[in-house]
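Chemist: okay, here's the prediction I keep looking at, along with the sequence it came from:
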Amino acid sequence: MPVYDYLCTKCGNVDERIEFYDVNVVECSKCNEPAKKIISIRGPNCANETTNWLPSVLEVVDKNSKAPHVVEFIKNPTRQNYKNWMKGEGLRHLEPGEENHPYPKEPDLTKLHKEVWEEHRKRNRLEVRSR
């Protein structure tokens, strides 16, 4: 019997199973929802291998969009469709060495931690008074 890959329609988990050729839907090993057979290529060529992060991109895609690049990516989340979606949305990856990226720098938490600790000490201090 051949080995097939099955993609869960709910959680995005990919299972590899040995099944008869006519089994198109199986139960997902993680969430027990239906998982559909997907086309996969066996062998040492990993150039088009599905990544484990690609389904997570679908969480940020506008599901109500009617744009062709969005509809195609939701229907078939492949690397090429991901690239088309990024281009269609005007997004790009940061290049190595880009210093002035739009993301804010991480705040310096040492000062904040000191302030919080001092407030905690003031609120919870014990005073011993004599009469």
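Modeler: Sure thing, it's come through. Numbering: from 1, shown residues only.
Chemist: Arg14 pairs with what?
Modeler: You called it Arg, but residue 14 is Val. Leu7 (DSSP bridges).
Chemist: surely it touches Leu7?
Modeler: Yes: using Cβ atoms under 8 Å, Val14 is in contact with Leu7, at 5.4 Å. To be clear about C-beta, it is placed using only N, CA and C from the backbone, and glycine gets the same treatment.
Chemist: touching both of those two, which residues are there?
Modeler: The contact sets of Val14 and Leu7 overlap at Ile38 (Cβ atoms under 8 Å, 6 or more residues apart in numbering).
Chemist: quickly list the domain ranges of the protein.
Modeler: 1-39, 51-92 (automatic domain parsing).
Chemist: neighbours of Lys37, just the number please.
Modeler: 17 (other Cβ atoms under 10 Å).
Chemist: that one should be in a strand, yeah?
Modeler: Yes: counting by DSSP: H, G, I helix; E, B strand; the rest coil, Lys37 is located in a strand.
Chemist: I'd like the distance between the closest residue to it other than its chain neighbours and Glu33.
Modeler: Counting by Cβ to Cβ, 6 or more residues apart in numbering, Lys37 lies nearest to Asn24, which is 4.9 Å off, once chain neighbours are set aside. Distance of Asn24 to Glu33, computed by Cβ to Cβ, to the nearest Å: 15 Å.
Chemist: alpha carbons of stretch 9-24, as PDB, please.
Modeler: Output of stretch 9-24 as PDB, limited to C-alpha atoms (Å, rounded to 0.1, in the frame of the first residue of the first chain):
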ATOM      1  CA  THR A   9      -9.400  21.100   7.000                       C
ATOM      2  CA  LYS A  10      -9.800  22.400  10.600                       C
ATOM      3  CA  CYS A  11      -6.300  22.600  12.300                       C
ATOM      4  CA  GLY A  12      -4.000  22.300   9.300                       C
ATOM      5  CA  ASN A  13      -2.200  19.300  10.600                       C
ATOM      6  CA  VAL A  14      -0.600  17.100   7.900                       C
ATOM      7  CA  ASP A  15      -0.600  13.300   8.600                       C
ATOM      8  CA  GLU A  16       1.300  10.700   6.700                       C
ATOM      9  CA  ARG A  17      -0.400   7.400   6.400                       C
ATOM     10  CA  ILE A  18      -0.300   4.100   4.600                       C
ATOM     11  CA  GLU A  19      -3.700   3.700   3.000                       C
ATOM     12  CA  PHE A  20      -5.500   2.100   0.100                       C
ATOM     13  CA  TYR A  21      -5.400   4.300  -3.100                       C
ATOM     14  CA  ASP A  22      -9.200   5.000  -2.900                       C
ATOM     15  CA  VAL A  23      -9.200   6.500   0.700                       C
ATOM     16  CA  ASN A  24      -9.600  10.200   0.200                       C
END
